[in-house]
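Colleague: Attaching a predicted model along with its sequence, questions to come.
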Amino acid sequence: DAWTVIREVENYDRTIRGVKAAALKPATAPDVVRAGFQLTKLRLPANLAFEVSGPRELTVALDADARNVAIERLAGAWRVEEREGGGCRVSLAARVEA
């Protein structure tokens, strides 16, 4: 199920091209998943926070409790929408400033 794949951020290095490493970090707030990533061939570090913000919607932002050197701002959300006739549509809308 696509929703399960999107929520399992610790597996992004296996499911999203460009993510070279992914590791969960200790929680600092209820219902927020924190994770550190290495992105692209350069292995740029990114520390992100994820929170379920609606039915089949996962908000993503920079982790305010961790240092981020390659990305200055990030805000976005994954959405998984069921389609008539079966299947689903997965979208990511994000604004990134590096």
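Modeller: All right, it came through fine. None of the values given here were measured: they were computed from a predicted structure. Numbering: from 1, shown residues only.
Colleague: backbone phi and psi for residue 6, please?
Modeller: phi -70, psi -40 (degrees, to the nearest 10).
Colleague: And residue 15, its phi and psi?
Modeller: The phi/psi pair for residue 15 (degrees, to the nearest 10) reads phi -110, psi -20.
Colleague: I'd assumed residue 5 was in contact with it.
Modeller: Yes: Residue 15 lies in contact with residue 5 (C-beta atoms under 8 Å); the separation is 5.6 Å. (Glycine included, C-beta is placed from N, CA and C.)
Colleague: Residue 22 - how many residues pack around it?
Modeller: Per other C-beta atoms under 10 Å, the neighbour tally for residue 22 reads 21.
Colleague: Residue 84 now?
Modeller: Residue 84: 5 surrounding residues under other C-beta under 10 Å.
Colleague: Quick check: it is in a strand.
Modeller: No: counting by DSSP: H, G, I helix; E, B strand; the rest coil, residue 84 falls outside a strand, being coil.
Colleague: residue contacts, it?
Modeller: Listed by C-beta atoms under 8 Å, 6 or more residues apart in numbering, residue 84 has no contact partners.
Colleague: Quickly note the distance from it to residue 3.
Modeller: Counting by C-beta to C-beta, to the nearest Å, the gap from residue 84 to residue 3 is 17 Å.
Colleague: Next up, the contacts around residue 22.
Modeller: For residue 22, the contact set (C-beta under 8 Å, 6+ apart) comprises 9-13, 35-37.
Colleague: The most far-flung residue of the chain relative to its centre and residue 60: what is the separation?
Modeller: In the chain, residue 85 marks the outermost C-alpha relative to the chain mean, sitting 27.9 Å out by C-alpha atoms, centre = their mean. Counting by C-beta to C-beta, the gap from residue 85 to residue 60 is 29 Å.
Colleague: element containing the spatially most central residue of the chain?
Modeller: Taking C-alpha atoms, centre = their mean, the centroid of the chain lies closest to residue 60, which sits 5.3 Å from it. Following DSSP states H and E, one finds residue 60 within strand 57-62.
Colleague: Could you tell me which strands sit next to that strand in the sheet, and their orientation?
Modeller: In the sheet, strand 57-62 lines up against strand 44-54 (antiparallel), strand 73-82 (antiparallel) (DSSP bridges).
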